[in-house]
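S.K.: any chance you could fold what I've pasted below:
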Amino acid sequence: MTSFSVKIARSIVLACFLALPPTFSLAQKASPFAIPGRPPPPPKTVAPKYPQPKKITPQAKTLPSPYEMRGCYNFEGKWYFALYHKSTRQSAWLPWEENSTSVTYAGDVFIFDHENFEVTHESSNPQVSYESISLAEESKASGAAFNPSAPKPANKTKTPGPAVKPAKPRGLVLPKPNR
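M.R.: Next up, the predicted model:
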């Protein structure tokens with residue numbers, strides 16, 4: 001190779017190296033993190049937003065209250081009412097002031113109506129509602145009445161009853177073994 005051809009080859013290589021940086025800067029658009037020589041990614045399309053569907057909540061079940069109202073009274077401007085839990089057999093007297101909105105007991109909310117003598121029982125579970133509680137009727141006595149008189153002496157002599165005859169055996173009768 002001649003020196004002239006070497007000079008021409010060097011100048012062509014030098015021209016290519018000098019022309020590469022402007023070429024790379026044209027290929028890069030807005031992002032400094034884009035890979036040289038690749039086209040920019042397509043623009044993101046925004047998906048249409050549909051309205052959220054309405055949540056359907058089940059209707060609250062109305063159940064009889066597990067409580068009974070056993071009594072109420074007014075003392076010095078403050079009402080008190082007694083609640084009795086039927087399954088645990090526990091009762092409590094709850095205070096009610098004229099300007100209060102509710103009384104919380106055992107995680108549930110009770111609202112007392114002193115004009116109608118009723119208690120509204122609101123459950124902590126939103127899917128359950130309870131019927132209002134009215135004053136319970138008097139419980140009726142079960143069994144014999146209590147008599148505080150002295151017990152009568154028991155009759156200690158027994159009268160002999162009729163003699164019982166042995167009955168004939170029923171069904172299959174096996175004979176006694178002979179020895």
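
S.K.: nearest spatial neighbour of residue 92, chain-adjacent residues omitted?
M.R.: Distance criterion C-beta to C-beta, 6 or more residues apart in numbering; nearest residue to residue 92, sequence neighbours excluded, is residue 83 at 5.9 Å. C-beta: built from backbone N, CA, C; applies to glycine.

S.K.: what helix or strand is residue 6 on?
M.R.: Secondary-structure assignment from DSSP states H and E places residue 6 in helix 3-27.

S.K.: how about residue 111, what does it touch?
M.R.: Residue 111 makes contacts with 101-103, 119-120, 122, as judged by C-beta atoms under 8 Å, 6 or more residues apart in numbering.

S.K.: out of these, which comes closest to residue 73?
M.R.: Distance to residue 73 across the contacts of residue 111 (C-beta to C-beta) is lowest for residue 119, with 14.1 Å.

S.K.: isn't residue 105 right up against residue 94?
M.R.: Yes: look at residue 105 against residue 94 with C-beta atoms under 8 Å: they come within range, at 5.7 Å.

S.K.: who's more crowded, those two?
M.R.: residue 94 (17 against 14; other C-beta atoms under 10 Å).

S.K.: wasn't the more buried one part of a helix?
M.R.: No: assessed with DSSP: H, G, I helix; E, B strand; the rest coil, residue 94 is strand; it does not lie in a helix.

S.K.: direction included, what does the helix or strand where the residue nearest to residue 92 lies pair against?
M.R.: If you go by DSSP H and E, residue 83 is part of strand 78-85. Strand 78-85 pairs in its sheet with strand 67-75 (antiparallel), strand 91-97 (antiparallel), by DSSP bridges.

S.K.: any chance of those strands in TSV, with mean pLDDT and distance to residue 110 too?
M.R.: Output for these, formatted as TSV (pLDDT from 0 to 100; distance: least, C-beta to C-beta, whole Å):
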stretch	mean pLDDT	distance to residue 110
strand 67-75	88	8
strand 91-97	88	7
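
S.K.: appreciated, that's everything.
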